[in-house]
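**Student:** sequence below, structure please.
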Amino acid sequence: MNWLDEKVESVEHSNWLYKLCCLFLFKPRKKLTYAELFMVLYELNRKALGAEDAKKFSMGVLIETYKWNNNKEPDMSEYEQR
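**Tutor:** From the prediction side, this is the model:
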């Protein structure tokens, strides 16, 4: 799942929130990777949704963000084999 190491250029909704998140994570001029964004989304939703539902929700948001930025589906072949 090499696409998790790519940088997130922008998010479809609340791009200002994404930029603020980058600022607070000490990356004001850098962008988060998809893996880092997953960790942020997971931690924000873990208590409200529970661990398993937070993983599903976060991965869904990540996939939609990847599709929005790259106009294609991410390569999930390694993930599906597990």
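
**Student:** use CA for all of it now, contacts and neighbours both
**Tutor:** OK.

**Student:** distance from the longest helix along the chain to the middle of the chain?
**Tutor:** As assigned by DSSP state H, the longest helix anywhere in the chain is helix 51-70. Relative to its chain's centre, helix 51-70 lies at 6 Å (Cα atoms, centre = their mean, to the nearest Å).

**Student:** ok, now stretch 11-29?
**Tutor:** A distance of 12 Å separates the centroid of the chain from that of stretch 11-29, by Cα atoms, centre = their mean.

**Student:** now what about it, what contacts it?
**Tutor:** The contact list for stretch 11-29 (Cα atoms under 8 Å, 6 or more residues apart in numbering) reads 10, 30-32, 65, 68-69.

**Student:** reformat those residues as CSV; add distance to residue 21 and neighbour count.
**Tutor:** Formatted as CSV, those follow (distance: Cα to Cα, whole Å; neighbours: other Cα atoms under 10 Å):
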residue, distance to residue 21, neighbour count
10, 12, 17
30, 11, 14
31, 10, 19
32, 9, 22
65, 16, 20
68, 19, 14
69, 18, 14
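
**Student:** buried residues in whichever strand or helix holds residue 21?
**Tutor:** Following DSSP states H and E, one finds residue 21 within helix 15-24. The neighbour-count check on helix 15-24 (16 or more other Cα atoms under 10 Å) flags 18-19, 21-22 as buried.

**Student:** between those residues, which is closest to residue 75?
**Tutor:** Among these, residue 18 lies closest to residue 75 (Cα to Cα), at 23.5 Å.

**Student:** from residue 76, how far out is the closest one?
**Tutor:** Residue 18 sits 24 Å away from residue 76, taking Cα to Cα, to the nearest Å as the criterion.

**Student:** kindly report the same for residue 17.
**Tutor:** 27 Å.

**Student:** now do residue 43
**Tutor:** Residue 43 sits 22 Å away from residue 76, going by Cα to Cα.

**Student:** more crowded one of those two?
**Tutor:** Legend: neighbour count by other Cα atoms under 10 Å for residue 43 and residue 76, higher for residue 43 (15 against 12).
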